[in-house]
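Engineer: Give the three-dimensional model of this entry:
(one chain, ligands or ions: 1)
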Amino acid sequence: MGRKFVVGGNWKMNGDKNQINEIINNLKKGPLDPNAEVVIGVPAIYLAYVKSIVPDSIGVAAQNCWKVPKGAFTGEISPAMIKDVGANWVILGHSERRTIFGEKDELVAEKVAHALESGLKVIACIGETLEEREAGKTEEVVFRQTKALLPAIGNNWANVVLAYEPVWAIGTGKTATPQQAQDVHASLRNWLSSNASPDIAASVRIQYGGSVTAANAKELAACPDIDGFLVGGASLKPEFVDIINASQ
Ligand SMILES: O=C[C@H](O)COP(=O)(O)O
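Structural biologist: Prediction:
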């Protein structure tokens, strides 16, 4: 179906200049699969620094942004600012933003809409908690979260990557099995076919995130509806290169 494999590294609130230099040197050394797209999500304060040392072939993402271009929003950054320092992606709706910072579907959608209008590409995150999975609500939750994004994305799907990240698998070492991840990705694609369009469903890239490592990446990457990863902890380590190369 020609969906380019896309691997995001979400550093979260980690890294200092020394560690960043090491990570970037490791990525430069690679070698990286030329058929994989790579985006690194860095803390806002290091966006400009990372842009100054990273090869242009690697995309740089902020991990959050606000929903308007400027104004009295102490502590926030806007898509315009992210673009101004040369970054062209933003990760939105991550489960840590949703749970720790209380971001609801509507706010995530407003942020997605504004980021896209401003010309950023968006990695939009969705995923269920353990409680929701155990209650049999996985599909209900990811469909609800995705539904909220439909009007925000409009006809901008080419600039969106969806990241399915079951909350119970994030930072826990408990990866979803390839079958569990594939099942949700396939149902999501099916849902998008009916609720967005068959073309969008066939072309949108859906990443899996949650305890991805070099050891489990190849098996996950072999699943037909998994088009890449959003990697947390392992994106800070040399094994990130092997994860990027997992679909080779
Ligand atoms: O955005 C990345 C996810 O939260 C996954 O994090 P993790 O790979 O450390 O489990």
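Engineer: separation between the residue of the chain most remote from its centre and the ligand?
Structural biologist: Ranked by distance from the centre of the chain (Cα atoms, centre = their mean), the top residue is Ala72, with 27.9 Å. Distance, Ala72 to the ligand, by Cβ to the nearest ligand atom, to the nearest Å: 30 Å. Just so you know, the C-beta spots here come from the backbone N, C-alpha and C atoms, and that holds for glycine as well.
Engineer: Let's see the distance spanning stretch 156-172 from one end to the other.
Structural biologist: Using Cα to Cα, to the nearest Å, one end of stretch 156-172 lies 33 Å from the other.
Engineer: Quick check: Leu120 touching Ala80?
Structural biologist: No - contact status for Leu120 versus Ala80: not in contact, 9.3 Å apart, counting by Cβ atoms under 8 Å.
Engineer: who has more neighbours, these two?
Structural biologist: Under the neighbour definition other Cβ atoms under 10 Å, Leu120 and Ala80 were set side by side, and Leu120 has more, 23 against 15.
Engineer: residues in contact with that one?
Structural biologist: Cys65, Pro79, Ile82, Lys83, Asn88, Trp89, Val90, Asn159 (Cβ atoms under 8 Å, 6 or more residues apart in numbering).
Engineer: and with 10 Å instead?
Structural biologist: Contacts for Leu120 (Cβ atoms under 10 Å, 6 or more residues apart in numbering) come out as 61-62, 65, 78-80, 82-83, 87-90, 92, 112, 114, 159.
Engineer: for Arg98, same thing?
Structural biologist: Counting by Cβ under 10 Å, 6+ apart, Arg98 makes contact with Lys104, Asp105, Leu107, Val108, Cys125, Ile126, Gly127, Thr129, Gln145, Val167.
Engineer: got the contact list for the most centrally placed residue in the chain?
Structural biologist: Nearest to the geometric centre of the chain sits Ile123, at 4.1 Å (Cα atoms, centre = their mean). By Cβ under 10 Å, 6+ apart, the contact set of Ile123 is 6, 8, 10, 39, 41, 59, 61, 63, 89-94, 160-163, 205, 207, 209, 228, 230.
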